[in-house]
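Undergrad: Make a model of this:
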Amino acid sequence: MRLGAVVVCLAMCRSAVGTTIVAVWTPSEVVIAADSMVSGGRDFAVKGETCKIRLLGPTVFASAGFVANLPLQVDVYRIAEESVADSPREHAERFATRFIAEMGRVVRWAKEHEPEAWVEYQRNECFQAVFAGVENETPVLLLRTFRCAADFQGRPFVIRERSLDCPGDCDPAGLRYLPLGTARSERPPVTFWREHKDVATAVRLLVEEQMKANPDRVGGSVSVVRVRTTGLACVACPPPCQGLQ
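TA: Below you'll find the predicted structure:
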């Protein structure tokens, strides 16, 4: 089976505020793990669960950033669906172009109607995404992040902040660890690899570490997917991610 791409991100209007995503690339596989807690409402007091790693046709999509603006009917999942392509790189480029345009509308609206949200958008990268799949019989992991800012006249805009492609920007004989959202570890990831040997186990434990450290922001079940040249494997797909199986 040839995969299209995997996307991973972060949110504000309808939000996954404490989302933790861990993506790891090695020359033989890509492994992605995510928590499932989402927060919404005033002060993000309303909690629920959703699958942050989704299968959209030939593409696996997960999110940990901006999710949606209901008044403008801007939705990250819709953008991802409309950007599906034959390869992860093409998918990533299509997505970036559409996201910058749509998110530009959102930040202009937020500045006028939700100034608190506009302030939050500017604190860090307002969106992060990883795309993973198989190209030329090789596992691929692509990082794309975006920043929301204002020009000297105070007009909001959105730009691409970081890009990283594995292979290409990564050691072809090594391992690359990409934390998104709140994903940070007190212990170096290499410690996890040495202790557990299996990347899937390591990324799950990294997400669980954040759940313990930030129980009000990160929680729910942990989903883990693995991408190899042989296809997609659902390592851990509890509800609500059973559709990935």
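Undergrad: What's the biggest strand in the chain, counting residues?
TA: strand 138-150 (DSSP state E).
Undergrad: list the buried ones in that one?
TA: For strand 138-150, burial by neighbour count (16 or more other C-beta atoms under 10 Å) applies to 139-148. All C-beta spots, glycine's among them, are computed from the backbone N, C-alpha and C.
Undergrad: Same check on stretch 198-216?
TA: Of all the residues in stretch 198-216, those buried under the rule 16+ other C-beta under 10 Å are 199-207, 209-211, 214.
Undergrad: And stretch 226-236, by the same measure?
TA: In stretch 226-236, the ones that count as buried by 16+ other C-beta under 10 Å are 226-227, 232-236.
Undergrad: all helices of the protein, in order?
TA: Along the chain, counting by DSSP state H, helices occupy 76-82, 88-113, 115-121, 189-196, 199-213.
Undergrad: Out of those helices, which gets nearest to residue 154?
TA: helix 88-113 (8.1 Å; C-beta to C-beta).
Undergrad: Any buried residues in the closest one, and which?
TA: In helix 88-113, counting by 16+ other C-beta under 10 Å, buried: 88-96, 99, 102-104, 106-111.
Undergrad: quick revisit: export the helices of the chain to CSV and tack on distance to residue 35 and mean pLDDT?
TA: CSV is the format used below for those (distance: least, C-beta to C-beta, whole Å; pLDDT from 0 to 100):
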stretch, distance to residue 35, mean pLDDT
helix 76-82, 17, 92
helix 88-113, 22, 95
helix 115-121, 20, 88
helix 189-196, 17, 60
helix 199-213, 6, 84
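Undergrad: what would the ones you listed look like in TSV with distance to residue 31?
TA: TSV is the format used below for these (distance: least, C-beta to C-beta, whole Å):
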stretch	distance to residue 31
helix 76-82	20
helix 88-113	15
helix 115-121	30
helix 189-196	11
helix 199-213	5
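Undergrad: what's the closest of the buried residues of stretch 198-216 to residue 153?
TA: The closest of the buried residues of stretch 198-216, once distances to residue 153 are taken by C-beta to C-beta, is residue 214, at 37.1 Å.
Undergrad: what's the pLDDT at the closest one?
TA: You'll see residue 214 listed with a pLDDT of 81.
Undergrad: How about residue 52?
TA: The model's pLDDT for residue 52 equals 85.
Undergrad: thinking it is in contact with residue 223, fair?
TA: Yes - assessed by C-beta atoms under 8 Å, residue 52 is found in contact with residue 223 at 7.1 Å.
Undergrad: Which neighbours do the two have in common?
TA: Common contact partners of residue 52 and residue 223 (C-beta atoms under 8 Å, 6 or more residues apart in numbering): 34, 36.
Undergrad: now for the helices of the chain, which one comes closest to residue 160?
TA: Nearest to residue 160 among those is helix 88-113 (6.0 Å), distances taken as C-beta to C-beta.
Undergrad: So which elements touch that closest one?
TA: Judged by 3 or more C-beta pairs under 8 Å, 6 or more residues apart in numbering; DSSP states H and E, the packing partners of helix 88-113 are strand 6-7, strand 68-69, strand 74-75, helix 76-82, helix 115-121, strand 125-135, strand 138-150, strand 156-166.
Undergrad: Deepest in the core, which of these is it.
TA: Scoring these by mean neighbour count under mean count of other C-beta atoms under 10 Å gives strand 6-7 as the most buried, with a mean of 30.
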